[in-house]
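Colleague: Pasting the sequence and the predicted model now:
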Amino acid sequence: MIKSLLVVLVLFVAAGVVVSPAQEKKASSGLGMGLSTLSRLSHAKTRSISPENFTGEKGKAGMATEGTGKGAARDLGQGWKVSPSVRIPAKSTFIMGQIDGSGQIQQIWMTPAPLDRTQLYILRFYWDGENSPSVEVPMSHFFACGWGRYAQINSLAICVNPGSAFNSYWPMPFRKSAKITMENLDDRDMTLYYQINYTLTDVPENTGYFHAQFRRESPLKTAGLYTILDGVQGQGQYVGTYLAWEVHSPGWWGEGEIKFYIDGDKEFPTICGTGTEDYFCGSYDFDTRGADGKPHYTPFSTPYTGLIQVLPPDKHEEVGQRFGLYRWHIADPVRFDKDLRVTIQALGWKKDGTYLPEEDDIASVAYWYQTEPHAAFPKLPGPEALKVAPQK
């Protein structure tokens, strides 16, 4: 009888019904927030960095006497929206936030002006004093709007809301420090409103660091093949893909397979998809039929996946069309112990019914967590290569 009770107790503990003192201590770190954990009290400290409090210090917000809102607040004075934004001069880098201590960035909101230049605004994140950033991505692409045009996104990791509000909910832990910068590669000044919400708390030993890397090939260096991520070394898990894709051949362009080469895979991967739209959790060319009976690309945005841009929206399988797609591996991260490489094929159709290796324009962001140090990133393209050309 006692043995049976012990077995039941062990099962309850494994299921999370019974929480040991050690587990309860870990659960109160203020991390891993969701509806099921919101009621847990924690000694974590909530802080926020914005142009109204550049340091995030306690009791130091709203004290500005200089700022972009000084003129509008001249009759009201200190405490009345004196510094709601910053202006970042052309060809300069601005430190958006510097955090010392242990904790996690939990949410970031920002809105730039002008929106159509966001591919020239480079976000970089540095963890624990590292010299090489763990995140180096154009602002447009980090927030899954790589074509410099607004697209509403309703996902768990990234939300884009009217009229140009970019939001990130990727958890970004750090143990010693965090630094966030914005480089303006444009030849004109930019205005940026932003808020970085974070917590100061202990970070568990088994927590990896957030990474995001940008790549672009226009046209593809090898017809039919695009590398999303390569050279990753260490233990971690792949958590997301964003693609900005311009097609250069008529017809359907998404027959290609995504492939994950894990822990020493060479010629053949461990994971192989069945088609581009399949990887993004769609099917049959993302098509639905309208009142005219003809197939139409159908944009969608969900917590984990989306086809959020079809440009122009009223065309179908035409040369020069542009697409924006995201796939977050939140419920199904791709785990690796030593190394990782991710590729996707760009395949269309020939008239004879065989596959056509495409020579398209593809830009991507790969999102993952891993132990540090991380391998060097490819060199970021210059401003001319980052600009979005007028659509033909």
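Modeller: Yes, it's here.
Colleague: Now do the contacts for the residue lying closest to N167 once chain neighbours are set aside.
Modeller: Nearest non-adjacent residue to N167, counting by C-beta to C-beta, 6 or more residues apart in numbering: C159, 4.2 Å away. Backbone N, C-alpha and C define where each C-beta goes, glycine included. Counting by C-beta atoms under 8 Å, 6 or more residues apart in numbering, C159 makes contact with 153, 165, 167, 169.
Colleague: From the residues you listed, pick the one nearest V247.
Modeller: When the contacts of C159 are compared for distance to V247 (C-beta to C-beta), I153 wins out at 21.6 Å.
Colleague: now the helices for this protein?
Modeller: With DSSP state H as the criterion, the chain has helices at 2-14, 21-27, 139-142, 276-279, 383-386.
Colleague: most surrounded residue in the contacts of C159?
Modeller: Top of the contacts of C159 by neighbour number is I153, holding 22 neighbours under the definition other C-beta atoms under 10 Å.
Colleague: In this structure that residue contacts Y326, no?
Modeller: Yes - here I153 reaches Y326: they are 7.4 Å apart, a contact under C-beta atoms under 8 Å.
Colleague: intersection of neighbour lists for the two?
Modeller: Residues touching both I153 and Y326 by C-beta under 8 Å, 6+ apart: 144, 306, 308.
Colleague: Could you report the neighbour count for the first one?
Modeller: Looking back up the chat, that one is A144. Neighbour tally, A144, other C-beta under 10 Å: 28.
Colleague: need the contact list for it.
Modeller: Neighbour list for A144: 151, 153, 158, 160, 242, 306, 308, 324, 326, 365 [criterion: C-beta under 8 Å, 6+ apart].
Colleague: distance of it from L41?
Modeller: Separation of A144 from L41 (C-beta to C-beta, to the nearest Å): 35 Å.
Colleague: Contacts only, for the residue lying closest to D263 once chain neighbours are set aside.
Modeller: Distances taken as C-beta to C-beta, 6+ apart put K338 closest to D263, at 4.7 Å, once the chain neighbours are dropped. Residues counted as contacts of K338 (C-beta under 8 Å, 6+ apart) are 233-235, 263-264.
Colleague: Tabulate these (a markdown table), appending pLDDT, distance to I180 and neighbour count.
Modeller: As requested, the contacts of K338 are exported to a markdown table (pLDDT from 0 to 100; distance: C-beta to C-beta, whole Å; neighbours: other C-beta atoms under 10 Å):
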| residue | pLDDT | distance to I180 | neighbour count |
| --- | --- | --- | --- |
| Q233 | 97 | 24 | 14 |
| G234 | 97 | 22 | 17 |
| Q235 | 98 | 25 | 16 |
| D263 | 98 | 32 | 12 |
| G264 | 97 | 34 | 10 |
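Colleague: Of those residues, which belong to strands?
Modeller: Residues of those located in strands (DSSP state E): Q233.
Colleague: which residues of the stretch 101-250 of the chain score low on pLDDT?
Modeller: Applying pLDDT under 70 to the stretch 101-250 of the chain flags no residue at all.
Colleague: before we move on, the earlier item: tabulate the shared contacts of I153 and Y326 (TSV), appending distance to Q78.
Modeller: Formatted as TSV, the shared contacts of I153 and Y326 follow (distance: C-beta to C-beta, whole Å):
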residue	distance to Q78
A144	38
G306	43
I308	41
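Colleague: Pick the one among these closest to P378.
Modeller: Nearest to P378 among the shared contacts of I153 and Y326: A144, at 20.1 Å, using C-beta to C-beta.
Colleague: The closest one and A244, how far apart?
Modeller: Counting by C-beta to C-beta, the gap from A144 to A244 is 9 Å.
Colleague: Mutual contacts of these two, please.
Modeller: Both A144 and A244 are in contact with G324, where contact means C-beta under 8 Å, 6+ apart.
Colleague: Roughly how far does M96 sit from F268?
Modeller: Distance from M96 to F268, by C-beta to C-beta: 43 Å.
Colleague: Between those two, which has more neighbouring residues?
Modeller: M96 (24 against 8).
Colleague: quick one, what contacts that one?
Modeller: By C-beta under 8 Å, 6+ apart, the neighbours of M96 are 49, 180-182, 192, 194, 196.
Colleague: Please repeat the previous calculation with a cut-off of 7 Å.
Modeller: Each residue near M96 by C-beta atoms under 7 Å, 6 or more residues apart in numbering is listed here: 180-182, 194, 196.
Colleague: Turn those into CSV, columns for neighbour count.
Modeller: Formatted as CSV, those follow (neighbours: other C-beta atoms under 10 Å):
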residue, neighbour count
I180, 22
T181, 18
M182, 21
Y194, 21
I196, 22
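Colleague: For K58, state which of these is nearest.
Modeller: I196 (15.3 Å).
Colleague: my guess is the closest one contacts I49, does it?
Modeller: Yes - at 4.3 Å, I196 counts as touching I49 under the criterion of C-beta atoms under 7 Å.
Colleague: Stretch 227-239: end-to-end distance?
Modeller: By C-alpha to C-alpha, to the nearest Å, the extent of stretch 227-239 from end to end equals 16 Å.
Colleague: what's the neighbour count on Y121?
Modeller: For Y121, using other C-beta under 10 Å, the count is 22.
Colleague: Please name the bridge partners of it.
Modeller: For Y121, the beta-bridge partners are N184 (DSSP bridges).
Colleague: That one and L185: what is the separation?
Modeller: Here Y121 is placed at a distance of 7 Å from L185 (C-beta to C-beta).
Colleague: before we move on, what about D292?
Modeller: Separation of D292 from L185 (C-beta to C-beta) stands at 43 Å.
Colleague: That'll do, ta.
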